[in-house]
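Novice: just need the structure, nothing else, for what follows:
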Amino acid sequence: MTSLEKKIIDYVEINKEELYKELSYLLRFDSTNYITWGKELECAEYIADEYRKLGLEPDLYCPDNIPGLTSHPEYLPGRGTDKRPNVTAILKGTKGNGSAMLAAHIDTVSIGDPAAWKHDPFGGEISDGRIWGRGAGDDKSGIAMSLFAMRTLKALNIKLKKDVLFTAYCDEESGGGNGALAACLKYPCDAYINIDGGTKCDVVSPGGGCFRLRIHTKEVTATAVPVAKALYRAVEELLPLGEEIRKGLAEHPMLNRPELVDNAFRLLSFKTGGSGVMLDRGELTFGIYTIIQKEEMLRRLKEIEDRLGSEWDALGVETSGFELYTRYFIYAEGEQQGSNLEFLRAMKDVYKEPATMLGARALSDLSIFLACGSPSSLNTGITRAAHLPGGAHQVDEYIECEHLVRHTQSILLFLLRYCGVDKE
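Specialist: Numbering: from 1, shown residues only. Now for the predicted structure:
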């Protein structure tokens, strides 16, 4: 490392308590995503104020107001993103010969049952070497790292040659994406670092989404049996497709991660009636991770509908078919060179351990950044896996303080090397 690189690494270590406090404060904002609306505004205004204090001119903008967004093929209507803001602040480079965006999402999933939490989900508690709260890993930590990176550059009077854009975006959870799409359309960049992941450098995004099948009887009924049978047959037909999807991921050189392959097809719900009422209807929902693109997946599901049509008729039920209730995430591959390779090298130098480029282990807005932003896009972060205690979307969500420090150091090291330092 150069003397400047060592200086910036040391600065983060010495001032890490301020980094912890930044994340702790962000966690006190309830920025829950309720799908059709969200509570990002208060947190977004705080972020904008913090960048303003650092001498930048933050842009607070709602995705739907960006020209071309609502007619874009990746736009998802019904998300309330005419009132849910993004924040972007630009640190202008001295040469203006390129740009990189640090991006992280403001919204979180709900806390669920408050009584299930041992640590206040909106308390931002710092204890036992961890920071606790809803969004600690997914994804307020990404915002904290971006803010602290900006403060570090200012404190050390480091002038970068390329522009750096700091973006906190709305509507990522529950299959959103309009916030990331708006950031790409309004602020096109050469490279995007989406700080929303659980590994060091993910450059391939799996595709997929969440579907539902609603079924109801043609006549009034006193039993849920016809609907249950119809739904059960749908599951039986879906399982072979699930196995095919799982095999496709298992054979992919960068998406063959156990946590992804094992969950390639997930039955999310199966329900009929309720306490003796509404026995004439039911639904199932399922999620998929896949390399199959949207048009082909819809065709495969339509084939299942057609095969089951006569059986459903015999049971006296009808349906409008399989419905996609999230956006369909695009399967996309990023570059394994340029800014992505530079970021991987920075991670290796800070963590001092081997690191490789991988595929993302879940659906995320990396798909948007790759498809609508730049092939020089990646996911990185310290999000604990969702299937682990304290992981993303779990009660008592947390991040390790040590990892927060190392990841912030890695991001700053990348900015120095990729953007270049003006020493004049």
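
Novice: can you pull out the helices in the stretch 101-250 of the chain?
Specialist: 140-155, 178-186, 225-250 (DSSP state H, counting those that start in this stretch).

Novice: make JSON lines from those helices and add distance to residue 76 and mean neighbour count to it.
Specialist: Any C-beta I mention is one placed from the backbone N, CA and C, and that applies to glycine too. Shown next, in JSON lines, are the helices of the stretch 101-250 of the chain (distance: least, C-beta to C-beta, whole Å; neighbours: other C-beta atoms under 10 Å):
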{"stretch": "helix 140-155", "distance to residue 76": "21", "mean neighbour count": "24"}
{"stretch": "helix 178-186", "distance to residue 76": "6", "mean neighbour count": "27"}
{"stretch": "helix 225-250", "distance to residue 76": "22", "mean neighbour count": "18"}
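
Novice: among those helices, which comes closest to residue 276?
Specialist: The minimum distance between residue 276 and the helices of the stretch 101-250 of the chain falls on helix 225-250, with 13.5 Å, by C-beta to C-beta.

Novice: next, the buried residues of stretch 22-40.
Specialist: By 16 or more other C-beta atoms under 10 Å, the buried positions in stretch 22-40 come out as 22-27, 29-33, 35, 38-40.

Novice: ugh, typo on my part, it should be stretch 101-117
Specialist: By neighbour count on 16+ other C-beta under 10 Å, the buried set for stretch 101-117 is 101-109, 111, 117.

Novice: how far off centre is that stretch?
Specialist: Relative to its chain's centre, stretch 101-117 lies at 11 Å (C-alpha atoms, centre = their mean, to the nearest Å).

Novice: burial measure for residue 297, as a count.
Specialist: Neighbours of residue 297 under the rule other C-beta atoms under 10 Å: 21.

Novice: would you mind measuring from it to residue 349?
Specialist: Counting by C-beta to C-beta, to the nearest Å, the separation of residue 297 from residue 349 is 40 Å.

Novice: pretty sure residue 100 sits in a helix.
Specialist: No. Counting by DSSP: H, G, I helix; E, B strand; the rest coil, one finds residue 100 to be strand, located in no helix.

Novice: wait, it touches residue 194, no?
Specialist: No. The criterion here is C-beta atoms under 8 Å, and residue 100 misses it with residue 194 at 11.5 Å.

Novice: so between these two, which is more surrounded?
Specialist: Per other C-beta under 10 Å, whichever of residue 100 and residue 194 has more neighbours is residue 194, with 32 against 24.

Novice: tell me the bridge partners for the more buried one.
Specialist: Counting by DSSP bridges, residue 194 is bridged to residue 103, residue 379.

Novice: of the buried residues of stretch 22-40, which belong to helices?
Specialist: If you go by DSSP state H, the buried residues of stretch 22-40 have 22-26 in helices.

Novice: tell me the secondary structure at residue 42.
Specialist: helix.

Novice: quick one, what contacts the closest residue to it other than its chain neighbours?
Specialist: Spatial nearest neighbour of residue 42, excluding adjacent residues (C-beta to C-beta, 6 or more residues apart in numbering): residue 29 at 5.7 Å. By C-beta atoms under 8 Å, 6 or more residues apart in numbering, the contact list for residue 29 reads 39, 42-43, 46, 122.

Novice: and residue 29, how close does it get to residue 45?
Specialist: Using C-beta to C-beta, residue 29 is found at 10 Å from residue 45.

Novice: residue 411 too?
Specialist: In this view, residue 411 and residue 45 are 24 Å apart by C-beta to C-beta.

Novice: more crowded one of the two?
Specialist: Per other C-beta under 10 Å, whichever of residue 411 and residue 45 has more neighbours is residue 411, with 24 against 15.

Novice: my read: the more buried one touches residue 200, true?
Specialist: No. Counting by C-beta under 8 Å, residue 411 does not reach residue 200; the two are 11.3 Å apart.
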